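In: got a structure for you, letters missing:
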């Protein structure tokens, strides 16, 4: 982390934490992180390795006010949970940047969209004005992850011509996106959009298009046969279910560091007919 030296004790790196949740939730999260703790910065030289202690202080931020006016206005890292704001902006197809004066409603009261734009824009402007500050994570990177259809397309494009070391192609499960509510059943939509009868093999998993920020975004359904597919509401993403021995892997990336954790998952399911 970039850090500022202090006159006493180890150099100080200031990490700010901002949340779009309630004040009580923010306070409890900040308390859990603790006011400060000592970390170590690698200042390795040529042919040598040296860890220098730095004191990391966590302070709360309120993005309804200028960051420059809080805690001295200088932060090495900003941790935020602006998922709901970014989701609101995405649903309204609004740009995040250059929002110096976000639009207000006709009654001159802030709308949900204008408030979301104000908070997210204030964060991105701070990053622009303070390039050394690290946002975890930048709203531009998070925006793609708010839509499962965007995630599926991005992942599919990234895996083109990718193989394992033994030459096995790496690819995503086959999927189909229903982008808008429809009175037609999913089997009818699949047929109307040119998917052959053997496009999918059961089971399939149906997921809401919104990937985060709401309770409904986490409600998914595993469909074992055609009757179940007729009961799935739209819009949604339908994806072929891949048996994976009840294990999935959570991968976390921070800069050049990668952590992989094993988690329990759904069991293998019998492979049925074609969708």
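Out: Arrived safely, thanks for sending. Predicted model only: the values in this text are computed from it and were never measured. Numbering: from 1, shown residues only.
In: residue 119 belongs to a helix?
Out: Yes - counting by DSSP: H, G, I helix; E, B strand; the rest coil, residue 119 is part of a helix.
In: spatially, which residue comes closest to it, not counting chain neighbours?
Out: In space, and not counting its chain neighbours, residue 119 is closest to residue 63: 4.0 Å by Cβ to Cβ, 6 or more residues apart in numbering. Backbone N, C-alpha and C define where each C-beta goes, glycine included.
In: just checking, the one you found touches residue 121?
Out: No - Residue 63 is beyond contact range of residue 121, at 9.5 Å (criterion: Cβ atoms under 8 Å).
In: model confidence at the closest residue to residue 170 other than its chain neighbours, what's the number?
Out: Spatial nearest neighbour of residue 170, excluding adjacent residues (Cβ to Cβ, 6+ apart): residue 162 at 4.6 Å. Per-residue pLDDT puts residue 162 at 92.
In: these two touch, right, residue 162 and residue 156?
Out: No - counting by Cβ under 8 Å, residue 162 stays clear of residue 156, with 10.6 Å between them.
In: okay, the residue nearest to residue 179 when sequence neighbours are not counted: pLDDT?
Out: Closest residue to residue 179 apart from its sequence neighbours, by Cβ to Cβ, 6+ apart: residue 235 at 5.5 Å. With respect to pLDDT, residue 235 scores 85.
In: how many residues are close by residue 235?
Out: When neighbours are counted by other Cβ atoms under 10 Å, residue 235 registers 15.
In: can you map out the helices along this protein?
Out: Per DSSP state H, the chain carries helices over the ranges 23-33, 83-91, 112-129, 139-144, 148-158, 186-192, 226-229.
In: ok, residue 162 and residue 156, which is more surrounded?
Out: Legend: neighbour count by other Cβ under 10 Å for residue 162 and residue 156, higher for residue 156 (14 against 9).
In: ok, now which ones touch the residue nearest to the more buried one when sequence neighbours are not counted?
Out: Leaving out its chain neighbours, the residue that sits closest to residue 156 by Cβ to Cβ, 6+ apart is residue 172, at 5.2 Å. Counting by Cβ atoms under 8 Å, 6 or more residues apart in numbering, residue 172 touches 152, 155, 156, 159.
In: any of the residues you listed buried? List them.
Out: residue 152 (16 or more other Cβ atoms under 10 Å).
In: other residues contacting stretch 203-217?
Out: Contacts for stretch 203-217 (Cβ under 8 Å, 6+ apart): 83-84, 86-87, 145-149, 151, 177, 179, 186, 219-224, 229, 232, 235-241, 269-272, 275.
In: quote the end-to-end distance of it.
Out: The first and final residues of stretch 203-217 sit 20 Å from each other (Cα to Cα, to the nearest Å).
In: quick one: least confident helix or strand in the chain?
Out: helix 23-33 (a mean of 46; mean pLDDT, DSSP states H and E).
In: circling back to that earlier point, now the helices of the chain in CSV, with distance to residue 167?
Out: Output for the helices of the chain, formatted as CSV (distance: least, Cβ to Cβ, whole Å):
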stretch, distance to residue 167
helix 23-33, 45
helix 83-91, 38
helix 112-129, 42
helix 139-144, 30
helix 148-158, 19
helix 186-192, 32
helix 226-229, 35
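In: what's the closest of these to residue 249?
Out: Residue 249 lies closest, by Cβ to Cβ, to one member of these: helix 148-158, at 14.7 Å.
In: tell me what the closest one is packed against?
Out: Applying 3 or more Cβ pairs under 8 Å, 6 or more residues apart in numbering; DSSP states H and E, we find helix 148-158 packed against helix 139-144, strand 175-178, strand 236-240.
In: out of the ones you listed, which comes closest to residue 58?
Out: Closest of those to residue 58 is helix 139-144, at 20.8 Å (criterion: Cβ to Cβ).
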